[in-house]
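Asks: Predicted structure and sequence below. I'll ask about it afterward.
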Amino acid sequence: MIYPNNRIEKIEDPPVVKIKSLKSYKNKILDLSQGIPWFDPPVEAINSAMEKIYDGEGHRYSADQGRETLRILLKSYLKNFDINCTEDEIVVTPGANQAAFIALSTIAENNDEVLLFNPYYFNHYMALQILGIKPVIVPTDENYHIDPDEIIKKLSNRTKAMIIITPGNPSGTIINKETLEQLIEISHKYGIYIISDEPYCEFIWSGKHISPLSFDNDKCIGLWSFSKSFGMSGWRLGWMMIPEKLKQHVLKIADTLHICSAVPSQILGEEVLKLNQKYSRKFLPEISEVKNHLLELLKNLDCFDKINISPLEGAFYMLISFKDLMGVSGWDIAERILKQYGVVSLPGEPFGLVNRASLRLSYGNIRKIDLIKHSDLLMKAIKSIIEER
């Protein structure tokens, strides 16, 4: 019998794949699992893109780095966040996950170390495992915010980078300007990269998104995606901003993995950006209403004091931790409420929350009317976790 690579065999299945493989998933009523917004890309942009495709554009490879037209538009888009770059510093990728994999492949090798902040994004952890890079987990405070002093404790001569997500997945936390400045100082002092994953840059519930790429830092790599802000998850389109010194090496990996991002997807990306760079912002009021309604429902539970809720500062995730719930895992409760109530969520374990029973709810992929319709069901499910322990 031929077995898979031993390292790959030890990696846990992605939680979204695992939860959807359960027999009870087919009877789902309310799906709060996958991190996608409910809206689609603008119809006008789709029509414009399809006209170009029907006229014969998009049937051949683009440059590995991506179409120059798209990269120029992305350079303009990044200026909305005070990020100044040239189109030569941008590489278009099939989504932000692939961009992260390429970045890690470029700057680290087998047995090097990369810092992740707990709770982390499971695909970052999996990418490190696949590449044979050691994930070093840095604790955060009780509200899942980064403490720069904890980073110093985890550094070694094998540390190559830290991965940050702001706004955070699964926590919904935002890294403020002061902390970002401290992270950049650590990056400079110890010569390590900051890989900044920013697919939720438009989903900020107070203030404005601040990126470490807006500071002067030659050891910062930025990752973005069309999946969230433009409702294009199925089109698999993202991009990365890299220091010029890394471009040659990034393109070696890109050419090996995918040659170029699908050109029809790039064409749609161009049409979306030409039409409205701030497209997602018209949907933010409703997503915020869903967030507020969900929080209010939870606060009205007579057992609300038995749970902790992550700060809802950005992105569209709510991380619920259950107090004093001993001997029960997040997987236990996620599978139970799916089977009994048809409510789909993700457990905390894939995000590094192994010492507390937790669930991540993605509230960006449902309409307010659907939450209201199923609110009683959802609250029964949450209440059952606490009362049936």
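Replies: That came through, no problem. Residues are numbered from 1 along each chain as shown.
Asks: contacts, neighbours, all on C-alpha from now
Replies: Noted.
Asks: The residue most central in space within the chain - nearest residue in space that isn't next to it in sequence?
Replies: Among the residues of the chain, the smallest C-alpha distance to the mean C-alpha position (C-alpha atoms, centre = their mean) belongs to residue 169, namely 5.3 Å. The shortest distance from residue 169 to any residue other than its chain neighbours is 5.9 Å, reached at residue 121 (C-alpha to C-alpha, 6 or more residues apart in numbering).
Asks: Contacts only, for that neighbour.
Replies: Applying C-alpha atoms under 8 Å, 6 or more residues apart in numbering, we find residue 121 in contact with 169-170, 350-351.
Asks: neighbours of the closest residue to residue 314 other than its chain neighbours, just the number please.
Replies: Taking C-alpha to C-alpha, 6+ apart as the measure, residue 314 lies nearest to residue 204, with 4.4 Å between them; neighbours along the chain are not counted. Residue 204 has 22 neighbouring residues, counting by other C-alpha atoms under 10 Å.
Asks: looking at this, residue 356 is in a helix?
Replies: No - using DSSP: H, G, I helix; E, B strand; the rest coil, the assignment for residue 356 is coil, not a helix.
Asks: Is the closest residue to it other than its chain neighbours part of a helix or strand, or is it coil?
Replies: Sequence neighbours aside, residue 321 is the residue nearest to residue 356 in space, at 6.6 Å (criterion: C-alpha to C-alpha, 6+ apart). Each residue gets one of three states, and residue 321 gets strand by three-state DSSP.
Asks: Return the set of residues that bridge with residue 321.
Replies: Beta-bridge partners for residue 321, by DSSP bridges, are residue 308, residue 358.
Asks: Centre of the chain to stretch 183-193, how far?
Replies: In terms of C-alpha atoms, centre = their mean, to the nearest Å, the gap separating the centre of stretch 183-193 from the centre of its chain is 23 Å.
Asks: which residue ranges form the helices in this protein?
Replies: If you assign secondary structure with DSSP state H, the helices in the chain sit at 6-9, 15-20, 43-54, 68-78, 96-107, 122-131, 148-154, 177-190, 226-229, 247-257, 263-275, 284-299, 330-341, 368-387.
Asks: Determine which stretch of those is the most buried.
Replies: Mean neighbour counts were compared across the helices of the chain using mean count of other C-alpha atoms under 10 Å; the top stretch is helix 226-229, at a mean of 24.
Asks: Quick check: mean pLDDT of it?
Replies: Over the span of helix 226-229, the pLDDT mean works out to 98.
Asks: Residues in contact with that helix: which ones?
Replies: 36-37, 95, 199-203, 232-238, 269, 279-280.
Asks: Stretch 370-382 too?
Replies: 30, 290, 294, 297-298, 301, 337, 341, 343.
Asks: ok, now stretch 275-284?
Replies: Under the criterion C-alpha under 8 Å, 6+ apart, residues 39, 45, 77, 202-203, 229-230 lie in contact with stretch 275-284.
Asks: what about 7 Å?
Replies: Counting by C-alpha atoms under 7 Å, 6 or more residues apart in numbering, stretch 275-284 makes contact with 45, 77, 229-230, all of which sit outside it.
Asks: ok so, going back, quick check: the residue nearest to residue 169 vs residue 55, distance?
Replies: If you measure residue 121 against residue 55 using C-alpha to C-alpha, to the nearest Å, the figure is 40 Å.
Asks: do residue 38 as well
Replies: In this view, residue 38 and residue 55 are 30 Å apart by C-alpha to C-alpha.
Asks: Neighbour count: the two, which is higher?
Replies: When residue 38 and residue 55 are compared on other C-alpha under 10 Å, the one with more neighbours turns out to be residue 38, at 14 against 9.
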